[in-house]
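Undergrad: Structure for the following, please:
(one chain, ligands or ions: 1)
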Amino acid sequence: MKGPVTHTEGRETLITTHPARKRSIMTKSYTEESMMPESKSTDWTNECLNSQEERAMENENAELDEMSKDGDDEDALNRLEDDEEDEDEEEEGDDQKPKRRGPKKKKMTKARLQRFKQRRMKANTRERNRMHGLNDALESLRKVVPCYSKTQKLSKIETLRLAKNYIWALSEPETPAGVDTQWREECMELREVFAVKVKRRRSIGQQTGGTLLGLTLFRCVRKGPKLKDHAFHLNNLSADHCEVWFKHLKEILNGFQDRPKALRVFVNPTSHRKEACQLYRDDIAPLFKLADIKADVTVTERKGHALSILRECKLNEYDGVVVVGGDGSVAEVAHGLLLRGQLDAGRDTDSIFTPVQATLPLGVIPAGSTDIVACSVHGIRDPITAAMHIIMGHFQAVDVCSFSSQGRLLRFAFSGMFGFGGHTLALAERHRWMPPSQRREFAVIKTLANLKPEDCELSFLPVKQGGTRETRRGESARNDRASASEEDEAWQTVEGLFLNISIMAIPCLCSMAPRGLAPNTRLDNGSMALISVRNTSRSEFIKHLKRYSSVNNQFSFSFVETHSVQEVKLRVRSRGSCADDTLDDNVESESKNTPIIFSEGTYPWNIDGDLLELPSELLIRVHPQLVKLFGVTMEETEESPIKCSCI
Ligand SMILES: Nc1ncnc2c1ncn2[C@@H]1O[C@H](COP(=O)(O)OP(=O)(O)OP(=O)(O)O)[C@@H](O)[C@H]1O
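TA: Presented below is the predicted three-dimensional model:
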């Protein structure tokens, strides 16, 4: 296929492609503007101006042609003579008027009239011949420039510009060696491109049609940990060439199998500052549309709405589920997706020992107040980066924990906090009427003021070399029995008063803890971080909390223990008075809000930022890589600066 010569922002571009190769490459070459000073004039206003000038010139020529056709027209000749007479008359007049200069008026004889007529006819013929010669030359040029089109005739100025660019592009390899030509070559791999559109010049308000200008490719570019979309213009005025290139590029883009074509989107309108709907409409939906992704959007109406839809809706027509909201919404949708996976696989969702993977990947567009899951999986809290990961089909397998009690599955989640973490969220939820940051600060201060430990028995199974029970499930039954008895011996138990117990399957990065709440775990390493904080003075506990936001190790305190575990059993032996005090203090003063009252024998847990009431005895297990999230792949994480400091 011929490569069209293009120019963009004063720089010339020659595109070449290698269809025979597996990986198509587009090559863009350009030089200093000073080398091609005239080629800058491609902005719209300039083009319009030049076209107008050209049209005016053509009109003049047409008039001239017209005149020359009517060369024997007496009127035209008389007009000319009248003009001459007027000129001469001005020089005459009385004494007061200035004397006129110039040739004296000659009497218009018949012979003189004849001479005028002949001269004019000769001049017109010469001009006509000149114009015909020029038009013939331009017509020949149109046939040899690469953008010559059978359907669309290039104007004179467009033909000349294209010819100039073509000559310029052809002369590139002949640049003498050793001369600093200031040329630079830029390669763009088509796997970076996610959309191609036909570029047209349209007037204000014009919706369809317009003058064809070329093609625009949309690339996904990385700027540090952020991903962005970037438009790349390829100018070409040939409809035939653009059509061929458009079809070819579309074919290549459709060949990327990992990229989603249809998504089920849930938007929580109440998240954080209630901006999720606007964020989706203004920033995310246009990107999905550009990438030709069909999105079925549901704006959730209540807590649990997304979960109930996910239980019943048809999922096989989608390539992914996307949630626009905070961690609570993500937790709800992730849980719903995993439950649906068990239902589709014919598993009993009440008691699941070895769950199957979720059938669809989950995309997280951060619109909450902390966005721990989005930060952990994208390395940054940025909605456009999240959308670009979805569009480009970047996946990351992620470990998930299950919370169950007495053999009954309660919840799938990425993390859970009990004690201080649970009480703080319970208090913050009761003050939802406050602005988000105030609400959080108020809840932390109030819970710290009423800090009371919980009396617990905590047992855990540390991660062994060779992976968890689930990763080894392919082994023989004899090996299984042997390993089961080994595991029984490996269980460790601690008991006493605890201020906080955190169990996290992902690093839980957020602005308050840039290294992560659990920096020692990874997204897919098949283990959970168990962080237990024993009873201590309030000041020591505050010191430990403050360390989360600094580079110092938040775990280097005698009262803090961390373990890498695969299973945890927690039994709360008595209710600490912290929760009751907190509730009692506020029930009266905040009676306008719905009070959160925990049923007998249940305790507040912060499960992925969602407040849950869980029983006193729990079994928490990690399930390696149970869900795929749209996000950075492990290779990208290795390159990311976030990785170095946080994971
Ligand atoms: N229309 C709705 N009205 C009320 N609650 C809703 C609605 N839609 C979803 N929810 C629930 O709101 C809860 C909190 O939402 P979300 O986590 O998105 O926001 P957030 O709490 O502001 O963010 P973060 O968790 O990052 O602090 C979720 O548990 C979700 O189920």
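Undergrad: Tell me who's in contact with Ser404.
TA: Residues in contact with Ser404, defined by C-beta atoms under 8 Å, 6 or more residues apart in numbering, are Ser351, Ile352, Leu410, Leu618, Leu619, Ile620, Arg621. (Each C-beta comes from the backbone N, C-alpha and C, glycine too.)
Undergrad: Return the member of those nearest to the ligand.
TA: Comparing the contacts of Ser404 against the ligand with C-beta to the nearest ligand atom picks out Leu410 as the nearest, at 15.2 Å.
Undergrad: Quick check: nearest residue in space to that closest one, chain neighbours excluded?
TA: Phe403 (4.7 Å; C-beta to C-beta, 6 or more residues apart in numbering).
Undergrad: can you tell me which residues contact the one you found?
TA: Leu409, Leu410, Arg411, Phe412, Ala413, Gly416, Trp605, Ile607, Leu614, Leu618, Leu619, Ile620.
Undergrad: hang on, the fourth one packs against Cys401?
TA: Yes: A contact is recorded between Phe412 and Cys401 when judged using C-beta atoms under 8 Å, the distance being 7.3 Å.
Undergrad: Can you select the buried ones from the contacts of Phe403 in PyMOL?
TA: In PyMOL syntax, the buried subset of these is picked out as below (16 or more other C-beta atoms under 10 Å):
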select buried, resi 409+410+411+412+413+416+605+607+614+618+619+620
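Undergrad: So for the closest residue to the ligand within the stretch 101-250 of the chain, what's the pLDDT?
TA: Nearest to the ligand, among the residues of the stretch 101-250 of the chain, is Pro225, at 19.3 Å (C-beta to the nearest ligand atom). Per-residue confidence (pLDDT) for Pro225: 84.
Undergrad: so how many other residues sit close to it?
TA: Neighbouring residues of Pro225 were enumerated by other C-beta atoms under 10 Å; the total is 18.
Undergrad: surely it meets Cys375?
TA: No: between Pro225 and Cys375 there is no contact under C-beta under 8 Å: 10.2 Å.
Undergrad: sorry, back to before: so can I have CSV of the contacts of Phe403 showing secondary structure, distance to Leu310 and pLDDT?
TA: Putting these into CSV (DSSP: H, G, I helix; E, B strand; the rest coil; distance: C-beta to C-beta, whole Å; pLDDT from 0 to 100) gives the following:
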residue, secondary structure, distance to Leu310, pLDDT
Leu409, strand, 16, 91
Leu410, strand, 17, 93
Arg411, strand, 14, 93
Phe412, strand, 12, 94
Ala413, strand, 15, 94
Gly416, strand, 21, 95
Trp605, strand, 22, 94
Ile607, strand, 17, 93
Leu614, strand, 22, 93
Leu618, strand, 24, 95
Leu619, strand, 24, 95
Ile620, strand, 23, 96
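Undergrad: Mind naming the longest helix for the chain?
TA: The longest helix of the chain (DSSP state H) is helix 110-144.
Undergrad: Same question for the residue nearest to Leu410, what's its three-state structure.
TA: Three-state assignment for Phe403 (DSSP: H, G, I helix; E, B strand; the rest coil): strand.
Undergrad: What's opposite it in the beta bridge?
TA: Arg411, Ile620 (DSSP bridges).
Undergrad: What sits closest to the closest residue to the ligand within the chain if chain neighbours are left out?
TA: With C-beta to the nearest ligand atom, the shortest gap between the chain and the ligand falls at Gly326, namely 2.0 Å. Once flanking residues are discounted, Gly326 sits nearest to Gly368: 1.8 Å by C-beta to C-beta, 6+ apart.
Undergrad: Report how many residues lie close to that neighbour.
TA: Gly368: 24 neighbours (other C-beta under 10 Å).
Undergrad: just checking, it touches Arg273?
TA: No: in this structure, Gly368 is not within contact of Arg273 by C-beta under 8 Å, at 9.7 Å.
Undergrad: I'd like the next helix or strand past the longest helix of the chain.
TA: Sequence order places helix 156-170 as the next helix or strand after helix 110-144, per DSSP states H and E.
Undergrad: Any buried residues in that following helix, and which?
TA: Buried residues in helix 156-170 (16+ other C-beta under 10 Å): Lys156, Ile157, Glu158, Thr159, Arg161, Leu162, Ala163, Lys164, Asn165, Tyr166, Trp168, Ala169.
Undergrad: Give me the angle between it and helix 110-144.
TA: 40 degrees (axes from the mean of the first three to the mean of the last three C-alpha atoms, to 10 degrees).
Undergrad: Pull helix 156-170 out as PDB, backbone CA atoms only.
TA: The C-alpha trace of helix 156-170 is given here as PDB (Å, rounded to 0.1, in the frame of the first residue of the first chain):
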ATOM      1  CA  LYS A 156      -4.400  24.100  -7.300                       C
ATOM      2  CA  ILE A 157      -3.000  25.100  -4.000                       C
ATOM      3  CA  GLU A 158      -3.600  21.600  -2.500                       C
ATOM      4  CA  THR A 159      -1.900  20.000  -5.500                       C
ATOM      5  CA  LEU A 160       1.100  22.300  -5.100                       C
ATOM      6  CA  ARG A 161       1.400  21.700  -1.400                       C
ATOM      7  CA  LEU A 162       1.200  17.900  -1.800                       C
ATOM      8  CA  ALA A 163       3.800  18.000  -4.500                       C
ATOM      9  CA  LYS A 164       6.100  20.000  -2.400                       C
ATOM     10  CA  ASN A 165       5.700  17.600   0.600                       C
ATOM     11  CA  TYR A 166       6.200  14.600  -1.600                       C
ATOM     12  CA  ILE A 167       9.400  16.000  -3.100                       C
ATOM     13  CA  TRP A 168      10.500  16.800   0.400                       C
ATOM     14  CA  ALA A 169       9.800  13.300   1.700                       C
ATOM     15  CA  LEU A 170      11.500  11.600  -1.300                       C
END
